[in-house]
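In: Below are the sequence and a predicted model; questions follow.
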Amino acid sequence: MPSVAFSQYGAADGQPVIYFHGTPGSPDECEMFDLHGKQHQLTIICYDRSTIVPGLQGDAYYQCIAEEIANKVGDKPVDFIGFSIGAFIALQVCRAMNGKVRSLHLVSAAAPPDAGNFIDAAAGNAVFRLAQNHPSAFMWLARVQGWLASRFPGLLLRVLFSSAAGEDKVFAEDKTFRTTMTKMLKTCFKRDSLGYARDIIAYVQPWKATLADISVDTHIWHGAEDNWSPVAMAFYLESALSGCSNIKVLDGLSHYSCLYRTAPTICQSIKALNSPRNP
């Protein structure tokens, strides 16, 4: 099986950290970690999940990512950062890694839809319900989104951020942020919409029961104003993950603003694990 494409940021040969991008999303999200990774001697790797063959589904998909990570990091301890629906993928890959993940940081994380009335409370509820109840219609929508991303990425970005809340409203007006997000959308759909659709369709299926298999040291970072992953999702994950040792709910922050604001602190906390007091 061919290797999965990835992007690398931060230090050239530091402590390996795997970043799981959101959906829609791409390794371009990870650029914000480059400076922080260099400051804290972290090598931050983000796999482009759209380059994994679409036919690979379920546990085979998560196992494929786990094997890529194991081949890349060898015997080194590895830490995970999962953003939004990427947090769902990170949790599933943790299961496949068989206890080899040292710490897990969930940012603006999406919780299991079968654990509460989370989907209806989320800004993207119509898309999630379509994927859940009418996957073939959702696949058509995904192709339309892919076409928009290739031809009119700015328009797709405006549609996505039309429901922005909290600090995300400020980010949506920032030229640098818009440039990064436009690039991310184009990269997400550059091959096709199948990788994006795979993640969404997997997410909307029941997966609450899988959380009982995950005991890794977990840290949750969430914006109090997040309306894409409502804050109730963070509190549920805190209660369901036996290894959760820390939760930070940040006033005024929403989805992407939480990711940007917490990136330096997350890198600093991962670096602290490498100190002599944390062998």
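Out: Sure, I can see it.
In: Helices along the protein, start to end?
Out: 34-39, 58-73, 85-96, 118-121, 125-133, 135-151, 153-160, 168-172, 175-188, 194-203, 231-240, 255-272 (DSSP state H).
In: Mean neighbour count for those helices - can I get that in TSV?
Out: (Glycine included, C-beta is placed from N, CA and C.) Formatted as TSV, these follow (neighbours: other Cβ atoms under 10 Å):
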stretch	mean neighbour count
helix 34-39	18
helix 58-73	17
helix 85-96	25
helix 118-121	16
helix 125-133	17
helix 135-151	16
helix 153-160	16
helix 168-172	18
helix 175-188	18
helix 194-203	21
helix 231-240	19
helix 255-272	21
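In: Pipe these into JSON lines and attach distance to residue 79 per row.
Out: Below are these laid out as JSON lines (distance: least, Cβ to Cβ, whole Å):
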{"stretch": "helix 34-39", "distance to residue 79": "12"}
{"stretch": "helix 58-73", "distance to residue 79": "10"}
{"stretch": "helix 85-96", "distance to residue 79": "10"}
{"stretch": "helix 118-121", "distance to residue 79": "26"}
{"stretch": "helix 125-133", "distance to residue 79": "29"}
{"stretch": "helix 135-151", "distance to residue 79": "30"}
{"stretch": "helix 153-160", "distance to residue 79": "29"}
{"stretch": "helix 168-172", "distance to residue 79": "25"}
{"stretch": "helix 175-188", "distance to residue 79": "23"}
{"stretch": "helix 194-203", "distance to residue 79": "21"}
{"stretch": "helix 231-240", "distance to residue 79": "17"}
{"stretch": "helix 255-272", "distance to residue 79": "5"}
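In: Of those, which is nearest residue 24?
Out: Residue 24 sits nearest to helix 175-188 of all those, at 4.6 Å, using Cβ to Cβ.
In: as a whole number, average confidence for the closest one?
Out: Averaging pLDDT along helix 175-188 gives 89.
In: Give me the residue ranges of this protein where confidence is low.
Out: Scanning the chain for pLDDT under 70 picks out 1-2, 275-279.
In: Quick check: which of the helices of the chain is nearest to residue 212?
Out: Nearest to residue 212, of all the helices of the chain, is helix 231-240, at 7.9 Å by Cβ to Cβ.
In: Which neighbouring elements make contact with that closest one?
Out: helix 118-121, strand 217-223, strand 244-250 (3 or more Cβ pairs under 8 Å, 6 or more residues apart in numbering; DSSP states H and E).
In: Is it possible to get a markdown table of the ones you listed that adds distance to residue 192?
Out: Formatted as a markdown table, the helices and strands packed on helix 231-240 follow (distance: least, Cβ to Cβ, whole Å):
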| stretch | distance to residue 192 |
| --- | --- |
| helix 118-121 | 25 |
| strand 217-223 | 31 |
| strand 244-250 | 36 |
